[in-house]
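S.K.: fold the following for me, if possible:
(one chain, ligands or ions: 1)
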Amino acid sequence: MLFPSTARARAALFGFLFMFAAAAVQAEAANTAAKLPNVTILATGGTIAGTGASSTTTIGYTAATVGVQSLIQAVPEIAKVANVTGEQVFQIASENISDAQWLQLAKRVNLLLAQSNVDGIVITHGTDTLEETAYFLNLVVKSKKPVVVVGSMRPSTALSADGPINLYNAVRLAGTPEAAGRGVLVAMNDQVHAARDVTKANTTTADTFRTSELGVIGYIQGGKPFFYREVSRKHTVDTEFDISKLDALPQVDVAYAYANVGDVAVNALVAAGARGLVHAGVGNGSLPAKTRPALVKARKDGVVIVRASRVGQGIVARNGEANDDELDFVVADTLSPQKARILLMLALTKTTSTREIQRMFYTY
Ligand code: DAS
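M.R.: Next up is the predicted model:
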């Protein structure tokens, strides 16, 4: 008699079979989890964590209100592609990010990536300064593991909110071995951008992040990343910058040029203690006659001057619109003024030599 004759025996058999099945399911789940990448999501705020009064509120919403666990729970598909943990590093609209928060975030990233059980990191961030945080991390993260910065242009409550799919794609990218060694990446709107060259190019549209002339480095299609080019400038493990012992960054500011500009802004920034000054010049980094004397004096007083351009694309030529050799100025190469500021801040943690700093601008 194969089947137990008594109810008691049958119950025991079913109990055994149930336990066996449960154990098998648990083992399968553990086996699956073991194959998935371990991705940590560091949340900092922004629109991706924003909420609006109604589903059609796409401007005038409140950024930085939704916590990291809610962001993760809103995209259950993430659990199928990665073992995800979430940390709320801070909760801000990114126009308010501080040097102290940059250092806090960078130190947390480096600590996590040094752990063998972390395969990649996603940072959710406001879009207003996303490109700056990404470039700062590109210069100070000391790991080849993927670090992906992501945001959204519509709040989580909006019709066709772009945050959930951007977050899902960012996790896929951060968990992809092929994403390693490419520097910090920005994943928005199904595109993959290099941190050095991407910029926010539209105030409100979902396709705002662009690398217009140098181009994206890849796409994410159907949740799968595809890469088409490498970045040429040094980053992450190949940089000379180390923030591990820093608790502040040198004060560096940007003075913007325009028709009929004078020297008030330059003088005020220098008087306020700027150790470095990026001049966002017109054209090829041109120095307006009414601004130039103040920049020359600031240099003589020890402030490092970097000639950048407000134009957005192209190389600011050394000794082109000004005799940089004679003035002892540095040129920003193709870096935007806001990113030139970041490189100059880190450069000043190492040296005040303009020769060395110019080398850095041609290296990173
Ligand atoms: N204020 C913007 C910011 O936090 C909202 C956003 O676009 O993320 O950067």
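S.K.: how about L105, nearest residue that isn't a chain neighbour?
M.R.: In space, and not counting its chain neighbours, L105 is closest to V89: 5.6 Å by C-beta to C-beta, 6 or more residues apart in numbering. Quick note: C-beta positions are derived from backbone N, CA and C, even for glycine.
S.K.: three-state assignment of that neighbour?
M.R.: Here V89 is recorded as strand under DSSP: H, G, I helix; E, B strand; the rest coil.
S.K.: looking at it, it is touching R108, isn't it?
M.R.: Yes - using C-beta atoms under 8 Å, V89 is in contact with R108, at 6.0 Å.
S.K.: out of the two, which sits in the busier spot?
M.R.: V89 (19 against 16; other C-beta atoms under 10 Å).
S.K.: any common contacting residues for V89 and R108?
M.R.: L42 (C-beta atoms under 8 Å, 6 or more residues apart in numbering).
S.K.: where along the chain do the helices fall?
M.R.: 7-35, 68-73, 99-113, 130-140, 163-174, 264-271, 292-300, 324-327, 337-347, 354-361 (DSSP state H).
S.K.: which residues touch the residue nearest to L105?
M.R.: Contacts of V89 by C-beta under 8 Å, 6+ apart are L42, A43, T44, Q101, Q104, L105, R108.
S.K.: quick check: pLDDT value at the closest residue to the second one other than its chain neighbours.
M.R.: Put plainly, it is A43. In this structure, A43 finds its nearest non-sequential neighbour in V68, 3.6 Å apart by C-beta to C-beta, 6+ apart. At V68, the model reports a pLDDT of 98.
S.K.: with the one 4 residues further on instead?
M.R.: As predicted, I72 sits at a pLDDT of 98.
S.K.: my read: it touches G86, true?
M.R.: Yes - I72 is in contact with G86 according to C-beta under 8 Å; the separation is 5.1 Å.
S.K.: list the residues that contact both of those two?
M.R.: I41.
S.K.: so how far is D253 from V89?
M.R.: Using C-beta to C-beta, to the nearest Å, V89 is found at 26 Å from D253.
S.K.: ok, V68 next?
M.R.: 32 Å.
S.K.: how about L17?
M.R.: 72 Å.
S.K.: next, count neighbours for whichever residue of the chain sits closest to the ligand.
M.R.: Nearest to the ligand in the chain, going by C-beta to the nearest ligand atom, is G126, at a distance of 2.2 Å. As a burial measure, G126 scores 24 neighbours (other C-beta under 10 Å).
S.K.: that one against V150, yeah?
M.R.: No - taking contacts as C-beta under 8 Å, G126 lies outside contact range of V150: 10.9 Å.
S.K.: which residues are in contact with both of these two?
M.R.: I48.
S.K.: ok, which residues in this protein are in contact with the ligand?
M.R.: G46, T47, A63, A93, S94, E95, G126, T127, D128, G151 (C-beta under 6 Å from any ligand atom).
S.K.: let me see the contact set for the fourth one.
M.R.: The contact partners of A93, taken as C-beta under 8 Å, 6+ apart, are G45, G46, A63, A64, G126, D128.
S.K.: what's opposite V148 in the beta bridge?
M.R.: V122, L185 (DSSP bridges).
S.K.: show me what contacts it?
M.R.: G120, I121, V122, I123, A170, L173, A174, A179, V184, L185, V186, A187.
S.K.: tell me the pLDDT of it.
M.R.: Per the predicted model, pLDDT is 99 at V148.
S.K.: do you know how far it is from L42?
M.R.: According to C-beta to C-beta, V148 and L42 sit 11 Å apart.
S.K.: which residues in the stretch 201-350 of the chain form strands?
M.R.: 209-210, 218-221, 224-227, 252-256, 276-281, 304-309, 330-331 (DSSP state E, counting those that start in this stretch).
S.K.: could you dump those strands into TSV and include mean neighbour count, distance to P164 and mean pLDDT?
M.R.: Shown next, in TSV, are those (neighbours: other C-beta atoms under 10 Å; distance: least, C-beta to C-beta, whole Å; pLDDT from 0 to 100):
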stretch	mean neighbour count	distance to P164	mean pLDDT
strand 209-210	22	17	98
strand 218-221	18	14	98
strand 224-227	15	17	98
strand 252-256	20	35	98
strand 276-281	26	36	98
strand 304-309	27	36	98
strand 330-331	28	42	98
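S.K.: possible to save those as CSV with distance to S116?
M.R.: Putting those into CSV (distance: least, C-beta to C-beta, whole Å) gives the following:
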stretch, distance to S116
strand 209-210, 32
strand 218-221, 26
strand 224-227, 23
strand 252-256, 36
strand 276-281, 38
strand 304-309, 40
strand 330-331, 40
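S.K.: A274: neighbouring residues, count only.
M.R.: Using other C-beta under 10 Å, A274 has 21 neighbouring residues.
S.K.: any idea how far the closest residue in space to it that isn't next to it in sequence is from T205?
M.R.: Closest residue in space to A274, ignoring its immediate chain neighbours: D253 at 4.6 Å, by C-beta to C-beta, 6+ apart. Going from D253 to T205 by C-beta to C-beta gives 29 Å.
S.K.: got it, and T6?
M.R.: 72 Å.
S.K.: where in the protein is pLDDT low?
M.R.: The model of the chain has pLDDT under 70 over residues 1-4.
S.K.: OK, contacts around the spatially most central residue of the chain?
M.R.: Relative to the mean C-alpha position of the chain, the nearest C-alpha, by C-alpha atoms, centre = their mean, is the one of A134, at 2.5 Å. A134 makes contact with V149, V184, L185, V186, A195, V198, according to C-beta under 8 Å, 6+ apart.
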